[in-house]
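A.B. asks: turn this into a model:
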Amino acid sequence: MKTAQEISRKLQAYVPLVKFLARFLGNNCEVVLHDVRNIERSIVAIENSHISGRTIGDPLKNLGRFFREQENPSADFIKSRIVSDEKGRKRKTASYLIKDEDGDLVGLLCLNMDLTRFSELKELLDEYVLGPGVRVQQEPQPVILAEEEDNSIEDLTHSIIKDTIHSSPVPPSRMTPDEKMDIVEKLNSRGVFLLRGALGEVASLLETSENSIYRYLSKITITNGN
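C.D. replies: Take a look at the predicted model:
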């Protein structure tokens with residue numbers, strides 16, 4: 001297990017990148033470095049903070065959304081999406097997953113592009129090209145709320161694991177190995193095993209050994225051709 005000091009040193013190496021990306025992408029893009037092992041004070045570095053009003057030491061409030069919607073748990077990043085804050089302002093966000101040597105998630109490097117000026121420019125161009133009052137009809141894009149509360153990474157892990165296991169009509173004490181592997185595959189698809197301590201908790205709640213969970217994960221990896 002990595003110490004807090006080791007994790008901190010790994011994340012500190014990304015601080016110059018935060019500054020570089022912010023200067024390259026401009027004032028409309030907030031760049032944030034999070035320590036996911038300390039959700040309550042997760043922000044290690046931030047540039048262009050005027051976009052969200054956050055500062056170093058502020059909490060991470062959307063880790064749960066990342067893992068509920070992550071499509072590929074083995075990926076190194078979460079693809080861009082449109083989110084909306086409480087005032088209805090839209091942002092385009094993307095996140096790079098920072099992992100340690102064991103593959104455990106330790107940090108997030110997040111880009112939050114404020115789309116306000118781009119939306120205004122598009123409206124101006126539409127009016128110029130199409131005429132006053134005419135708007136291009138577009139398919140509505142799914143908009144995700146920018147922030148939702150997560151109490152701690154341990155609470156988040158427990159909630160995802162418990163909900164997935166309880167979704168099965170068969171209790172763990174009566175599950176076959178194939179049924180337990182199916183649960184492990186679902187949890188793996190949501191990136192749960194990137195979180196520290198998840199494997200042990202899954203083994204406990206599924207009433208099996210950690211070695212069995214490792215075997216299930218190995219079979220899933222082989223089956224998926226990874």
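
A.B. asks: run through the bridge partners of the nearest residue to residue 52 once chain neighbours are set aside.
C.D. replies: The shortest distance from residue 52 to any non-neighbouring residue, by C-beta to C-beta, 6 or more residues apart in numbering, is to residue 30 (5.9 Å). In this view, the C-beta of every residue, glycine as well, is placed from N, C-alpha and C. For residue 30, the beta-bridge partners under DSSP bridges are residue 112.

A.B. asks: spit out the contact partners of residue 30.
C.D. replies: Residues near residue 30 by C-beta atoms under 8 Å, 6 or more residues apart in numbering: 22, 46-49, 51-52, 110-114.

A.B. asks: how does it look with 7 Å?
C.D. replies: For residue 30, the contact set (C-beta atoms under 7 Å, 6 or more residues apart in numbering) comprises 46, 48-49, 51-52, 112.

A.B. asks: for stretch 157-176, the averaged confidence score.
C.D. replies: Taken as a whole, stretch 157-176 carries a mean pLDDT of 86.

A.B. asks: how about the contacts of residue 30 in a markdown table, adding distance to residue 200 and neighbour count?
C.D. replies: What follows is the contacts of residue 30, written out as a markdown table (distance: C-beta to C-beta, whole Å; neighbours: other C-beta atoms under 10 Å):
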| residue | distance to residue 200 | neighbour count |
| --- | --- | --- |
| 46 | 33 | 22 |
| 48 | 39 | 21 |
| 49 | 37 | 16 |
| 51 | 38 | 21 |
| 52 | 35 | 18 |
| 112 | 34 | 23 |
